[in-house]
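Student: what follows is a protein structure lacking sequence information:
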């Protein structure tokens, strides 16, 4: 199976396991900059050179050899499951993608038809009942993850622990897992632990939020989107994420972690 979703600098200074919707655009650009002294012109997910990616055939032997021998510092980044699934909804379901179209072609019409959600249109300022639609989307997300219908789960809303685990199961080991909510502190720890060809000054790095501005703005506080049933669905989907990455399940308004991530626990529980 190898190491899907894994990126590595060309200098092999650092290895990163991408977790979608967890600052991956910014992290990828920092890695690119640390080798080349400039940011990639465009969305880093589109880069086909300047950064090793498992999706590039020529990168696979290099990533495989590095990870299997733990030759470089390896890390990943996680996010509160409540804000992550909300972000996925507004970006991937309601937003217009960078190619000017809806995400995954017939996906949005499918869930409009089967689950009765609304997503609005750019022409009407994306006017729709966000809370009602989001809760219906959550049912859809649960169905894809639990029963793989009406389609396979999408990487943007499948559990973070699933992404994180493939790296471990196939022979990798993380040196650091940090939270998007304390991004600067976590990313600085990574940079302090590695030697890069180009120095990165984190406070001068822009945020690369590639999904921003393509869809509706969230108009309610996070907690308003989650009633008792929604919280039950979130627990069904993301229970392991809350426990391993130390987020507060009981209070959707608290996006901050409530404990320290135990790397040994993560490796033990996700390494099966």
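Tutor: Received it, and whenever you're ready, just let me know what you need. Just so you know, these numbers come straight off a predicted model, no measurement behind them. Numbers count the residues shown, from 1 in each chain.

Student: excluding sequence neighbours, find me the nearest residue to residue 119.
Tutor: Residue nearest to residue 119 in three dimensions, not counting chain neighbours: residue 94, with 4.5 Å by Cβ to Cβ, 6 or more residues apart in numbering. Using the backbone N, CA and C atoms, a C-beta is placed for each residue, glycine as well.

Student: my bad, should have said residue 161
Tutor: The nearest residue in space to residue 161 (Cβ to Cβ, 6+ apart) is residue 240, at 4.5 Å.

Student: so after the strand or helix carrying the one you found, what's the next helix or strand?
Tutor: With secondary structure defined by DSSP states H and E, residue 240 is part of helix 228-245. Along the chain past helix 228-245, the next helix or strand (assigned with DSSP H and E) turns out to be helix 263-270.

Student: got the contact list for the lengthiest strand in the chain?
Tutor: Counting residues, the longest strand in the chain under DSSP state E turns out to be strand 73-78. Among residues not part of strand 73-78, those counted as contacts by Cβ atoms under 8 Å, 6 or more residues apart in numbering are 13-19, 22-24, 27, 67, 160, 163-164, 167, 172-180, 183, 186-187, 190, 193-194, 241, 245.

Student: where does this protein dip in pLDDT?
Tutor: When the per-residue scores of the chain are filtered using pLDDT under 70, the ranges that remain are 210-213.

Student: any idea how far the longest strand of the chain is from the chain center?
Tutor: Averaging C-alpha coordinates over strand 73-78 and over its chain gives two centres that are 12 Å apart (Cα atoms, centre = their mean, to the nearest Å).

Student: which residues of this protein fall in helices?
Tutor: All helices of the chain, identified by DSSP state H, fall at 24-36, 60-68, 81-88, 107-115, 130-147, 160-169, 183-193, 228-245, 263-270.

Student: so can I have CSV of those showing distance to residue 255?
Tutor: Converted to CSV, the helices of the chain look like this (distance: least, Cβ to Cβ, whole Å):
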stretch, distance to residue 255
helix 24-36, 17
helix 60-68, 31
helix 81-88, 5
helix 107-115, 26
helix 130-147, 16
helix 160-169, 14
helix 183-193, 12
helix 228-245, 12
helix 263-270, 20
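
Student: so which of those helices is nearest residue 98?
Tutor: Shortest separation from residue 98 across the helices of the chain is recorded for helix 24-36, at 11.3 Å, computed as Cβ to Cβ.

Student: report the buried residues of stretch 62-72.
Tutor: Residues of stretch 62-72 classed as buried under the neighbour-count rule (16 or more other Cβ atoms under 10 Å) are 63-64, 66-67, 72.

Student: orientation of the helix holding residue 240 relative to strand 73-78 in degrees?
Tutor: Between helix 228-245 and strand 73-78, the angle comes out at 160 degrees (axes from the mean of the first three to the mean of the last three Cα atoms, to 10 degrees).
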